[in-house]
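Asks: generate coordinates for the sequence data below:
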Amino acid sequence: MKCLLVFDHLNDVVYTKYDEKFSQHIRDFAAQQGFVNPENSDVVVDDNVLVQIFSPIITSQRIMNCQFGNSYTSIQCEGGLNMCFDEYMGYLFVSVAQEDIHSIKKYINICITVVRYLCGPDVCQLKVCEKRAAAATRLIDSWVHLQNNDQAVFVEAVEQLIVNSDVSSVTLQILRKSVDKLISSIDCSKIHAMVLVNNKFLSLYSSQNAKELSAPDILFATIVSQSSATKFEQTTYKVDSLQVLLAGSDQNPCCLAHVVHVIPICEGINLLYLLEVGNLAISSSLYEAFFHLHTMQLVQIQKDVDTLRPAFENLDLAMKRLNDALKKNKNNTIEYSAKQLIKKWDIIRKKYLDFLKTTSDEALLRAETLALGLLENLKQLLSLMAVDDKILTSTRNQTAEVAKIVSEKLNSYNEFLKVKSIRNFTLGSRDSLTINKYLEEFPGLVHFLYVDRVSHRVTAPTLDFSADETNRLTKNKIWAMIKFSRNHLQEGNLSLMWKDTIFNYAYFVWFEDTSGTPMKPLVYPTNSSKALPLPGLLGSDFYRKLKEVCFPKMSSAKIRCYELFCVHLGLVTASCVLEHTRRLAATIWELRGLKAHPIDLL
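Replies: Residues are numbered from 1 along each chain as shown. As a prediction, this is how the structure comes out:
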């Protein structure tokens, strides 16, 4: 049983996604409570019934959050049924499932990430646009499939398909020429071209001045690629198109509009073009304005001047930046909406200033009322800055044409690339060194995952899921190891060793400076774990925030973070496991082709 429900500030349903077990459970419960006629309990559950059932607990949760700042994030029920809550831009995401709390929280976290990429800060788009809601459902299903079958996605990292320099260079040149050709035929000069081979990252080329794709953006592109309905056909190049608002980084969030075209150029090989059609300055300041307006709506309920003042100052600064960005942008389409927005803000700003000076309830009430209209103006501006469907269709044909050229030029490499993606074994600068040969130097080592949390790239032996034995034993053990490690990392534990009846497991997180010298945390995160997000990358960069906690007052950009998972046979001693992990960290560059420095994990 599993569901996702999204409610707005009035407790109305914005979006639903649930399986048949949940649907049947709700129908039975609604009949018991008298919300529906028991004789008609087999009808489809409508939103009104969901509102009746969930409103009391949602209202309670909002009161705890807004008035006391102490909302509950989960509820454990009888029979293994659990409920989790999370909030984004004033919308409450609720998930009920027969799973553990950590898994449900991760699911909600990913759902919010998908919604952010599709709708930006305007979650209500899920209700007013069926196409957007359908895309959200498809992408969430895609993530569920990948995290159940792809170890790189499960650890929220990008697996690089490491090929020799000649293949890398040829692929990059092909992509560059295709982007140049595409730029000459469409009205867009900022384009990214990417090749994924069975969800593994092969190559990326970005045109000049295009905003750099972050690691979360690349990982999200993998999910988009997996979700495509479009399959490879020998004679045609079908294009699956989607509008997204790339999220940027934690430090510089935005809602920058892109068109994504996914074209299968061979069975298992997808070519992606991301066309940047938004304005970065407006997108960043617009997202900032949404965020700080939402914060204001939360704190003004308490009517506390000391709490309200910094929130107002942040919103005022965000609106000033947005105004400056709008003035510099010569776009007649948004000119009227921009003027109305700034005009309304000037009135609201005076009301807030009146309250801060006089603590007049009337001034605050007036500001609150007007702020609802300001939110609608922000939504309208976001809509005007989003992708027009005409752009999706008008660029599709040209994209198919350049994809055909890329396919023809990569054709001689296709089989090689697909084999590599299945067994990503001949790696790095030493062609004779395979990952299997490398593992022979570590007797008793069954599997490992080495993740560079600077670039969020993972290096690991490929798992063959076609074998039943691998699925039944090794895969389940590895997935359980990662999940167990994540739960303890969330509590601030940076090193773990444990064993079961079959295997020994080890997990380490460590830090280095830019020269490769080991760094011990100045503050251990055990007592700060509640301030950290869920471990991962898509919802929020956990590792950047971990560095901020462990090394306060130091720039996180100057600190490198790495993590290592190891599985050994149960007979291997703890001292041998430690010796292997040190050697792995020191020599992994032989596989990856990048020199690393030896470190002491403990």
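Asks: what average pLDDT does the helix or strand hosting Ile405 get?
Replies: Element membership for Ile405 (DSSP states H and E) is helix 396-410. On average, the pLDDT along helix 396-410 is 92.
Asks: gap between the two ends of stretch 158-172?
Replies: 18 Å (Cα to Cα, to the nearest Å).
Asks: buried sites along it?
Replies: Neighbour counts over stretch 158-172 (16 or more other Cβ atoms under 10 Å) mark 158-163, 167, 170-172 as buried. Bear in mind the C-beta positions are built from the backbone N, C-alpha and C, glycine included.
Asks: the lengthiest strand in the chain: how far from the chain's middle?
Replies: In the chain, with assignment by DSSP state E, the single longest strand is strand 253-266. Remark: strand 253-266 is offset 15 Å from the chain centroid, using Cα atoms, centre = their mean, to the nearest Å.
Asks: that strand - contacts with which helices or strands?
Replies: With contacts taken as 3 or more Cβ pairs under 8 Å, 6 or more residues apart in numbering; DSSP states H and E, strand 253-266 sits against helix 215-227, strand 240-248, strand 269-276, helix 280-299, helix 396-410.
Asks: most packed of those?
Replies: Mean neighbour count (mean count of other Cβ atoms under 10 Å) peaks for strand 269-276 among the helices and strands packed on strand 253-266, with a mean of 24.
Asks: skipping adjacent residues, who's closest to Glu288 in space?
Replies: Sequence neighbours aside, Ala318 is the residue nearest to Glu288 in space, at 4.2 Å (criterion: Cβ to Cβ, 6 or more residues apart in numbering).
Asks: look up how far Leu219 lies from the one you found.
Replies: Distance from Ala318 to Leu219, counting by Cβ to Cβ, to the nearest Å: 28 Å.
Asks: okay, buried residues for stretch 560-579 please.
Replies: 560-568, 572, 576-578.
Asks: out of those, list just those in helices.
Replies: Within these, residues falling in helices by DSSP state H are 576-578.
Asks: could you list the low-pLDDT ranges of the protein?
Replies: Low-confidence segments of the chain, defined by pLDDT under 70: 39-44, 234-235, 248-251, 423-438, 464-473, 528-530, 590-602.
Asks: other SSEs contacting the longest helix anywhere in it?
Replies: Looking across the chain with DSSP H, the single longest helix is helix 332-358. On a contact count with 3+ Cβ pairs under 8 Å, 6+ apart, helix 332-358 meets helix 305-328, helix 361-385.
Asks: remind me what the longest one packs against, helices and strands.
Replies: Of the remaining helices and strands, those touching helix 361-385 by 3+ Cβ pairs under 8 Å, 6+ apart are helix 280-299, helix 332-358.
Asks: next, the angle strand 240-248 makes with the first one.
Replies: Spelled out, that is helix 280-299. 70 degrees (axes from the mean of the first three to the mean of the last three Cα atoms, to 10 degrees).
Asks: now find how far off-centre helix 280-299 is within its chain.
Replies: With Cα atoms, centre = their mean, you get 19 Å for helix 280-299.
Asks: nearest to Cys255 among the buried residues of stretch 158-172?
Replies: Distance to Cys255, by Cβ to Cβ, is smallest for Val158 among the buried residues of stretch 158-172, at 22.4 Å.
Asks: skip the chain neighbours and tell me the closest residue to that closest one.
Replies: Leaving out its chain neighbours, Val158 is closest to Phe201 (Cβ to Cβ, 6+ apart), at 5.0 Å.
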